[in-house]
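Peer 1: My questions concern the predicted model and sequence given below.
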Amino acid sequence: MSSPDTHISGFEGELLTAGIDGYDAARGVWNAMIDRRPALIARCRNAQDVMAAVRHAAVHDLGISIRAGGHNVAGHAVCDGGLMVDLTQMRGVSVDAERRVASVEGGALWGDVDKATQAHGLATPGGLISDTGVAGLTLSGGIGWLRAKYGLSIDNLVAAEVVMADGTLVHASADENPELLWALRGGGGNFGVVTRFEFSLHPAGPEVMFAAPIYAVEDGPGPIRAWRDFMLEHDGLIGSLCEFSTAGGEDFPEESWGKRVYTLACVYNGDAAEGEALMQPLRELGNMVTDFSGRMGYCEVQTLFDTLMPAGDFRCYWKARYLTELSDEIIDLAMANAEAAPSENSISSLWNFGGATAQVPADATAFGDRSFGWMYSLDGVWPDAADDAANIAWARDGWDSAARFGHEGRAYLNFPGHGEDNDALTRATFGANYQRLVEIKTKYDPQNRFRFNQNIKPEA
């Protein structure tokens, strides 16, 4: 590997190396634990800059990491010693309301997409935090509030422009390079730099019904079991999760501060008034700590969880696995794990699926089998490096203890811990689709230039 210089032919953006103003800020990401030093950061302004940067990496035999939102907990956006392609200046979003399609640049955040699409009364399934990057979340699936009716983010990805490992720009759609589009729908950042996404849009908002009754862990799991049964009865109507956290702050009654609680957070995928009436029983399951339910704007709902994960403020380790069913036993385990969390900033969640998400055949996207009904995630979040071991152990042990309830060893690859399970977890998660992904990887990236991810290795 030769040393990259600070000039790239045909590149018009900004190049940063160690010692240059802006370098340290550019290499910082959401997770404060990530401290990697790329040899070169290429802050791209357009697809032509990305093409030039990728060609430069090939000449100097550099691995390439790709930064969009920088929200991935394993810090895949940043590499040591390679080239970081920085897309943060490429955040444009345009909407064709007549065709119901949004064209989204590779560095856009979900808040950018929501603002542009809601101007037309439209939306596409995105994340739960508005500052999450569109690219990272989408390429590994994309779980959002609208999944019950409209599926995952990848189920709405209809086309993409991608800079390949040789620096060429290709278009992927149902009619052009369809195998590449198939791989992008869940296969992660393994195949190239996506400079533009095209998403199908659906009527949503501007007002939606958000239900968020909050119950105390000490009062038992009864409301969670009732919520589980309610979600099964109304499959395809509500995107929801049961989130365990610690009460605190002015939004909670002072007598609840420091208590472990859980929120039955739900968004009705339809008319707000209809949703308010339907979800009222979830607000009557026992003594509530408080209730954040109400009708509100879709864009507001999309920002409600932003304060849980301020960029760069916390050290993080997140793991998640799919569950075939949500038994009383796994609910009890999740309750016990929540009570044992060593940090009051940590959260853990039980997510519902089914609905439109489950209707996609296993071989239709790289994401694979959709027959799991639930997911369990543990998000270790803490401020002090001295507490790293205890918090990582909590999330890891909780994830391991839930293995017996898991769905064929599969996991959500946007919550991969720090990537320590990379190969085994990636193979198990893709299952029957893994070999097809290897073949596509071998075709488009035979040198494994794009390897800072849940990596799919090309054939030798």
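Peer 2: Arrived safely, thanks for sending. Quantities reported herein were computed from a predicted structural model and do not represent experimental measurements.
Peer 1: Only C-alpha atoms from now on, for both contacts and neighbour counts.
Peer 2: Noted.
Peer 1: And for residue 292, the neighbour number?
Peer 2: If you count neighbours by other C-alpha atoms under 10 Å, residue 292 ends up with 13.
Peer 1: swap that for residue 24, please
Peer 2: Neighbour tally, residue 24, other C-alpha under 10 Å: 15.
Peer 1: Could you report the distance from it to residue 35?
Peer 2: 9 Å (C-alpha to C-alpha, to the nearest Å).
Peer 1: got it, and residue 333?
Peer 2: Counting by C-alpha to C-alpha, the gap from residue 333 to residue 35 is 34 Å.
Peer 1: for residue 306, same thing?
Peer 2: Applying C-alpha to C-alpha to residue 306 and residue 35 gives a distance of 23 Å.
Peer 1: Where in the chain is the helix or strand with the lowest mean pLDDT?
Peer 2: Least confident helix or strand of the chain, by mean pLDDT, DSSP states H and E, is helix 422-430 with a mean of 91.
Peer 1: Residues touching it, excluding its own?
Peer 2: 366-368, 408-413, 416, 434, 454-456 (C-alpha atoms under 8 Å, 6 or more residues apart in numbering).
Peer 1: Just send those residues back as JSON lines, with secondary structure and distance to residue 349 too.
Peer 2: Output for the contacts of helix 422-430, formatted as JSON lines (DSSP: H, G, I helix; E, B strand; the rest coil; distance: C-alpha to C-alpha, whole Å):
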{"residue": "366", "secondary structure": "coil", "distance to residue 349": "25"}
{"residue": "367", "secondary structure": "coil", "distance to residue 349": "21"}
{"residue": "368", "secondary structure": "coil", "distance to residue 349": "22"}
{"residue": "408", "secondary structure": "coil", "distance to residue 349": "20"}
{"residue": "409", "secondary structure": "coil", "distance to residue 349": "18"}
{"residue": "410", "secondary structure": "coil", "distance to residue 349": "17"}
{"residue": "411", "secondary structure": "coil", "distance to residue 349": "14"}
{"residue": "412", "secondary structure": "coil", "distance to residue 349": "13"}
{"residue": "413", "secondary structure": "coil", "distance to residue 349": "16"}
{"residue": "416", "secondary structure": "strand", "distance to residue 349": "15"}
{"residue": "434", "secondary structure": "helix", "distance to residue 349": "28"}
{"residue": "454", "secondary structure": "coil", "distance to residue 349": "22"}
{"residue": "455", "secondary structure": "coil", "distance to residue 349": "26"}
{"residue": "456", "secondary structure": "coil", "distance to residue 349": "28"}
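Peer 1: Residue 77: which of these is nearest?
Peer 2: Of all these, residue 454 has the smallest distance to residue 77: 11.7 Å, by C-alpha to C-alpha.
Peer 1: Phi first, then psi, for that closest one.
Peer 2: The phi and psi torsions at residue 454 (degrees, to the nearest 10) take the values phi -80, psi 90.
Peer 1: Can you give me the distance of it to residue 317?
Peer 2: For residue 454, the distance to residue 317 - C-alpha to C-alpha - is 15 Å.
Peer 1: so where do the helices sit in the stretch 201-350 of the chain?
Peer 2: 222-233, 272-279, 298-301, 328-340 (DSSP state H, counting those that start in this stretch).
Peer 1: To residue 246, which of the ones you listed lies closest?
Peer 2: helix 328-340 (9.0 Å).
Peer 1: Show me what the closest one is packed up against.
Peer 2: Judged by 3 or more C-alpha pairs under 8 Å, 6 or more residues apart in numbering; DSSP states H and E, helix 328-340 is in contact with helix 222-233, strand 238-246, strand 347-352, helix 388-401.
Peer 1: how far is the shortest one from where the chain is centred?
Peer 2: Its chain's C-alpha centre lies 14 Å from the corresponding centre of strand 347-352 when counted by C-alpha atoms, centre = their mean, to the nearest Å.
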